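K.L.:
Using only what follows, build the 3D model:
(one chain, ligands or ions: 1)
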Amino acid sequence: MYVSTKDELLNHVMELTKNFSPKNMDVFTANNISEKIGISRNLASQYLNELVKEDKLLKINSRPVYFLHKRVIDGNFEISIDRNVFMSMDEFTDQLNTGKSELKNFQKAVGYNTGIAYCVEQCKAAMKYPPNGLPILLTGQSGTGKSYLAQLMYEYAVDEGIIESSSPFISVNCSEYANNPELETANLFGYKKGAFAGAERDHKGLIQSADGGVLFLDEVQGLSPECQEKLFLFMDKGIYHLLGENSVRNHAKVKIIFATTKDPNEALLRTLLQRIPIIVKLPALDERSMEEKEEMIIGFFKKEAKRIHREIFISNKVFQTLMNYTFSGNIGQLKNCICTACANAFLHSETKQQTLNIYLYHLPEYVFPSAKLNTDLSNQEEKYMINLYGVTPNNTIDKITAFYGSVLNNYEDYKNLKIDFNQMLEIQFANLNSYYDYLAFEKQYTDLKIKAIEKVMEDICEFVADKYNIQLLSNCSFIMSRSIYTQMQVNPEIKLWEAKRNTLIEELAKFLGEKLPKEYMVAAETAALIKQSLDISLSSMGLILCLLNVKYYNAGGHINDLEGIIICHGYSTASSMASAANKLIGQHVFEAIDMSMDTHTGEIAKRLKKHIQKFNVIRDFILLVDMGSLEDIGNEMSDIPNINIGIINNVSTRLAVDVGYKICEGKDMESILKSAGENMTPAYKMIINQKKEEAIIFTSETSTHTAEKMAELFLSSLPGSIPIKIISYNNFKLIQNSGEDGILKKYHVLTIIGTSNPNIQGIPFIALEDIISLKEIKQVNAFLVRYFTQEEIQQFNRNILKNFSLQNVMQYLTVLNADKLLDYVEEVVNHLQQLMGKKLSGETILGIYVHLSCLVERLVTKNQLETHLDLEGFESSQQLFIKQMKESFSVITNHYGVEIPVSEIAYIYDYIANDEFEK
Ligand SMILES: Nc1ncnc2c1ncn2[C@@H]1O[C@H](COP(=O)(O)OP(=O)(O)OP(=O)(O)O)[C@@H](O)[C@H]1O
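P.N.:
This is a model prediction of the structure:
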């Protein structure tokens with residue numbers, strides 16, 4: 001084969017670069033290279049500079065000038081250098097250091113902050129949990145990364161200083177011992193000389209070898225029952241015996257990671273399984289997003305490129321085939337497949353070649369049938385060959401920062417007078433749209449959490465839209481939840497990015513707040529609701545997005561910037577008037593403040609101020625009060641700057657409706673006050689008698705996600721589709737808003753099914769355990785007879801029995817070991833009943849079972865959610881119950897090391913109080 005001088009020169013530099021060392025740079029000068037190739041220095045210089053332009057070589061403009069092979073440097077340092085010329089050696093080494101990927105522990109795993117983020121979180125919890133971590137079981141099909149994750153958990157523990165860097169990581173494949181329990185016990189626990197035939201000397205076991213470190217027991221289903229029993233004794237007390245020496249207790253501190261490809265209930269003895277609080281299920285490769293699959297394919301090819309010191313190109317066809325093939329052996333098989341392809345290609349390539357092309361026929365045979373017919377013959381070879389380093393991975397963090405960056409750049413252009421405010425907004429909207437295209441079409445979401453967030457966001461958007469008379473179309477909540485979720489996935493990185501630009505971001509937020517005060521007000525309230533409902537704090541950048549979103553969807557539209565507040569004496573006079581007015585207007589215009597008869601104006605003013613400051617936004621108010629004396633409130637409020645308050649006396653529902661309509665029309669405060677006394681005819685008719693869609697609501701006090709799971713189980717039990725909407729909904733909201741909740745206005749709710757009764761008048765409630773026991777299934781059947789035959793209804797009941805077993809429901813509710821958790825929870829509830837000297841109803845007990853189980857999980861994974869409104873009052877008035885609850889909970893405290901917070905005790909107290917109330 002003919003090799004040109006220029007190619008020869010390139011080959012030579014490539015070989016030299018493979019042994020690159022900054023201490024030995026002389027070999028990379030044009031002089032040296034020309035001598036070695038045997039051409040003039042001038043010609044060598046010309047070729048070298050051409051190769052720099054062609055992106056093949058790097059040039060360092062030091063004295064003398066050096067030339068290096070770009071791809072070899074990229075491969076060796078695992079970086080992707082994006083330029084070819086450096087001004088000095090320092091600049092070049094800086095690039096090597098900064099560009100070098102310093103991936104630590106879990107960051108090495110593809111999807112660590114996306115598809116397997118929750119798994120990684122649980123793995124971290126298992127390593128970090130004081131005092132000695134928690135045992136963990138990794139499950140998942142073969143090749144999903146269980147061993148890999150175990151290794152990374154060990155690295156994490158070392159990096160975090162949880163264990164010494166010299167601590168051991170011992171990995172055992174338990175299936176090796178199948179059928180030989182004695183050998184297995186001996187190997188695991190060690191033995192004394194003479195313990196069995198052939199035991200010629202003392203032998204230390206794997207537990208001792210792993211002391212201070214990590215023991216990874218892979219294929220744990222291969223462990224004999226005897227050995228499993230010994231193991232859980234060790235897990236309980238940290239004590240074990242050598243085989244043949246039962247009297248001596250040995251101690252070891254070992255973090256144990258179990259793994260199995262089997263169903264945990266089949267793989268392990270119940271007793272052992274009960275001692276493993278964290279069970280992690282790794283997703284199959286097909287459940288990973290396309291982005292992650294792409295990252296894996298490119299990453300595995302890069303590894304091969306590094307191994308063989310060649311630049312690898314893969315045909316587009318190879319890439320597409322790998323993307324589309326279902327690898328039953330998951331990531332492991334994909335990796336092997338790539339390795340085989342490279343080996344096949346390598347075998348048939350020239351030794352001197354610096355590149356390696358991978359074509360379809362290099363792939364193993366089993367992948368072939370998945371290749372698709374391609375009738376497009378216009379492709380030229382270079383077009384369909386993919387350069388690994390040319391592929392920019394579809395990186396979430398890059399996408400977000402690129403978008404955020406463009407928002408900030410755009411603002412700077414405005415500051416530098418390059419564009420005016422309207423142009424700035426237009427560009428921001430265009431940015432917003434292309435980012436949304438990415439979120440909606442390009443990014444794949446495999447995690448179920450996104451659905452839970454979407455559901456809550458729908459409610460929030462509906463509430464805010466209602467309140468401010470604005471449009472937040474359903475795709476707005478869809479896109480916002482994706483935006484929030486995507487940010488959560490890369491939270492640490494995005495926080496860092498934002499922190500570096502904090503001043504500019506804050507400046508932009510303030511600027512937009514001044515320019516678009518109404519949109520800012522809506523965004524701030526949305527952010528407050530997101531915090532309250534999802535416990536997610538939007539960053540300033542998140543707030544800016546939200547604000548732009550509101551502006552985008554409501555460009556030119558009117559936003560209510562007046563808030564109506566009705567204040568009346570009486571237990572619920574103001575609330576009922578406000579809710580009636582809101583209902584008639586069809587929007588949430590009025591808030592209400594109920595006052596007991598003897599409340600004085602000072603106190604009312606205090607509550608008003610609290611309300612105003614709640615969302616930290618400035619809005620003008622119209623107060624509708626019931627007595628002349630309340631008109632003085634205005635004087636008490638004079639210390640709140642920038643707020644105008646209008647007060648109307650002698651409020652009635654009719655007056656409120658009139659004022660409310662005017663607020664919605666965007667009338668100014670003065671004209672509203674003026675016309676307040678006039679005669680008005682509110683448009684009652686169009687709002688009443690609306691034909692509403694029928695719905696069944698699922699609700700749970702634990703989380704919307706849980707309610708959604710129940711709704712899913714219910715839906716999957718139905719023998720066919722029905723025109724009744726099955727909705728999962730926030731229980732706390734239902735209780736708080738009672739019959740006035742938006743969802744009840746929107747739908748004709750047939751029944752509410754859930755773990756606790758929100759006590760909505762006129763709507764029957766069916767407790768979850770009555771579904772589980774089929775006790776109240778007749779009520780549900782009554783709604784279905786319109787749509788199903790008797791036979792289908794019987795089938796439905798059989799499905800319910802199967803799908804809603806307590807076990808099954810629990811599996812959905814918690815990631816901890818459900819059986820074990822239930823045992824403990826049962827103990828807690830029994831103990832509590834004894835201490836209180838009361839017997840709770842089956843319904844309450846079941847509710848507490850479900851609630852406590854979820855609580856333990858949240859506490860273990862540090863995901864506290866609930867809050868109780870009046871904690872101080874509760875703490876002082878219910879000391880006895882708090883003590884009793886803590887005492888009964890101690891069994892869980894001892895086992896999982898978690899304390900029950902007072903807010904949770906308050907919740908259970910309310911729950912039990914409801915139980916008594918009902919009887
Ligand atoms: N998230 C990941 N990112 C990159 N590579 C991964 C990832 N997960 C697994 N791998 C790679 O896939 C291969 C298979 O993983 P691993 O051996 O850990 O799977 P496994 O679940 O333990 O399989 P088995 O059950 O068959 O033992 C390993 O080479 C590992 O490096």
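
K.L.:
alpha carbons only for contacts and neighbour counts from here, please
P.N.:
OK.

K.L.:
which residue packs closest to the closest residue to the ligand within the stretch 301-450 of the chain, ignoring adjacent ones?
P.N.:
Nearest residue of the stretch 301-450 of the chain to the ligand: Gly332, at 3.5 Å (Cα to the nearest ligand atom). Distances taken as Cα to Cα, 6 or more residues apart in numbering place Gly143 nearest to Gly332, at 4.4 Å, with adjacent residues excluded.

K.L.:
so which strand or helix has the one you found?
P.N.:
Here Gly143 sits in a region with no helix or strand, counting by DSSP states H and E.

K.L.:
measure it to Ile279 for me?
P.N.:
17 Å (Cα to Cα, to the nearest Å).

K.L.:
same check, this time on Ile727
P.N.:
29 Å.

K.L.:
same thing with Ser289?
P.N.:
22 Å.

K.L.:
Please compare these two by neighbour count and tell me which comes out ahead.
P.N.:
The residue with more neighbours, out of Ser289 and Ile279, is Ile279; 23 against 18, by other Cα atoms under 10 Å.

K.L.:
hang on, isn't that one packed against Gly140?
P.N.:
No. Checked against Cα atoms under 8 Å, the pair Ile279 and Gly140 is beyond contact range at 10.5 Å.

K.L.:
coming back round to it: pretty sure the residue of the stretch 301-450 of the chain closest to the ligand sits in a helix.
P.N.:
Yes. Using DSSP: H, G, I helix; E, B strand; the rest coil, the assignment for Gly332 is a helix.

K.L.:
Count the neighbours of it for me.
P.N.:
15.

K.L.:
Show the pLDDT at it.
P.N.:
Looking at Gly332, its pLDDT is 97.

K.L.:
in the stretch 301-450 of the chain, which spans are strands?
P.N.:
Taking DSSP state E, counting those that start in this stretch as the criterion, the stretch 301-450 of the chain carries its strands at 311-315, 355-358, 385-387.

K.L.:
Grab the nearest non-local neighbour of the residue in the chain sticking out farthest from the centre.
P.N.:
No residue in the chain sits farther from the centre than Ser40, which is 61.5 Å out by Cα atoms, centre = their mean. Closest residue to Ser40 apart from its sequence neighbours, by Cα to Cα, 6+ apart: Ser34 at 6.0 Å.

K.L.:
Pull the contacting residues for that neighbour.
P.N.:
Taking Cα atoms under 8 Å, 6 or more residues apart in numbering, we find Ser34 in contact with 40-41, 44.

K.L.:
mind running it again at 10 Å?
P.N.:
Neighbouring residues of Ser34 by Cα atoms under 10 Å, 6 or more residues apart in numbering: 9, 40-45, 48.

K.L.:
try Val52
P.N.:
58-59, 67-70, 83-85.

K.L.:
Is there a quick PyMOL command that grabs whichever of those are buried?
P.N.:
With 16 or more other Cα atoms under 10 Å as the criterion, this PyMOL line picks the buried residues out of the contacts of Val52:
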select buried, resi 58+59+67+68+69+70+84+85
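
K.L.:
Redo the contacts of Val52 as TSV? Include pLDDT.
P.N.:
As requested, the contacts of Val52 are arranged in TSV below (pLDDT from 0 to 100):
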residue	pLDDT
Leu58	93
Lys59	93
Phe67	94
Leu68	94
His69	91
Lys70	87
Arg83	81
Asn84	86
Val85	87
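
K.L.:
Can I get the contacts of Val52 in TSV including secondary structure?
P.N.:
Formatted as TSV, those follow (three-state DSSP):
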residue	secondary structure
Leu58	strand
Lys59	strand
Phe67	strand
Leu68	strand
His69	strand
Lys70	helix
Arg83	coil
Asn84	coil
Val85	strand
